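S.K.: Take a look and give me a structure for this.
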Amino acid sequence: MGSLNVLDHPLIQHKLSILRDKRTGVKEFRELVGEIAALMCYEATRNLPTEEIEVETPVATAKCRVLSGKKLAIVPILRAGLGMVDAMIDMIPSAKVGHIGMYRDPETHLPVEYYSKMPPDIAERSVFVVDPMLATGGSACAAIELLKNKYGCKNITLMDIISCPEGIDAVRKAHPDVDIFVASVDEKLNEHAYIIPGLGDAGDRIFGTK
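M.R.: Sure thing, here's the model as predicted:
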């Protein structure tokens with residue numbers, strides 16, 4: 001069974017409070033999404049396997065630890081997920097990036113896929129699916145399903161900044177093997193499938209659109 005990890009680190013929670021504020025402008029909002037993603041990435045990669053190597057320092061030989069050949073990939077759900085990618089790449093420069101394009105049908109609230117492109121060896125990689133919001137869970141479930149069935153991915157982690165019980169339950173029911181990392185579990189969804197209290201539309205606030 002995949003784990004649910006709510007990251008209550010003080011730095012994450014402080015930045016999240018500014019991110020939620022309706023007065024926070026596009027530039028600051030975009031920067032905060034990246035900063036929170038980097039801090040979450042630090043926590044989500046805590047259990048990556050390492051191996052010991054020897055390194056010659058200027059004065060002696062040091063026994064050090066490096067990642068043990070674990071190949072990683074970051075897959076944002078377009079478009080809001082793009083806001084989390086650059087900061088994660090700064091943390092993991094060797095990671096490759098795939099993309100999944102989905103939008104939520106305004107009537108049915110169901111995800112509609114319009115684009116996907118992955119690194120050719122994606123099936124061999126540990127994949128981090130990233131999206132700032134986990135609302136109904138529809139897009140996340142569909143993205144994970146696509147990665148499993150179309151691309152053969154077996155090791156998938158989901159990272160969302162803000163979530164709600166409905167979205168978490170949907171992912172855990174559809175994909176019980178997937179670990180979930182979130183910075184907050186909010187109260188609920190409203191009748192328009194927006195997270196309450198949430199922060200509004202993450203994509204619009206990242207890119208300055210309406």
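S.K.: okay, residue 70: pLDDT?
M.R.: The model reports residue 70 with a pLDDT of 69.
S.K.: So the residue located most distally from the centre of the chain, which state does it fall into?
M.R.: Distance to the chain centre peaks in the chain at residue 59, reaching 41.0 Å (criterion: CA atoms, centre = their mean). With DSSP: H, G, I helix; E, B strand; the rest coil as the basis, residue 59 sits in coil.
S.K.: List the contacts of the strand of greatest length in the chain.
M.R.: Assignment by DSSP state E gives strand 155-163 as the longest strand of the chain. Under the criterion CB atoms under 8 Å, 6 or more residues apart in numbering, residues 16, 19, 33, 36-37, 40-41, 44, 84, 125-134, 140, 144, 147-148, 167, 171, 175, 177-186, 195, 198-199, 202 lie in contact with strand 155-163. C-beta here means a position set from N, CA and C on the backbone, and glycine is covered the same way.
S.K.: 6 Å - rerun?
M.R.: Here strand 155-163 makes contact (CB atoms under 6 Å, 6 or more residues apart in numbering) with 36, 40, 44, 126-134, 140, 144, 178-186, 195, 198.
S.K.: Restricted to helices, list those residues.
M.R.: For these, the ones inside helices are 36, 40, 44, 140, 144, with DSSP state H as the criterion.
S.K.: which residue ranges form the strands in this protein?
M.R.: Counting by DSSP E, the strands of the chain are 4-6, 50-56, 61-67, 72-78, 96-97, 99-104, 111-117, 126-130, 133-134, 155-163, 179-185, 188-189, 195-196.
S.K.: Distance-wise, check residue 136 relative to residue 109.
M.R.: Distance of residue 136 to residue 109, given as CB to CB, to the nearest Å: 6 Å.
S.K.: Next one: the most centrally placed residue in the chain relative to residue 123, how far apart?
M.R.: By CA atoms, centre = their mean, the chain has its centre lying nearest to residue 130, at 2.4 Å. Residue 130 is 19 Å from residue 123, where distance means CB to CB.
S.K.: on that earlier part again, could you single out the nearest of the ones in helices among the contacts of strand 155-163 to residue 93?
M.R.: Closest approach between the ones in helices among the contacts of strand 155-163 and residue 93, by CB to CB: residue 44, at 16.4 Å.
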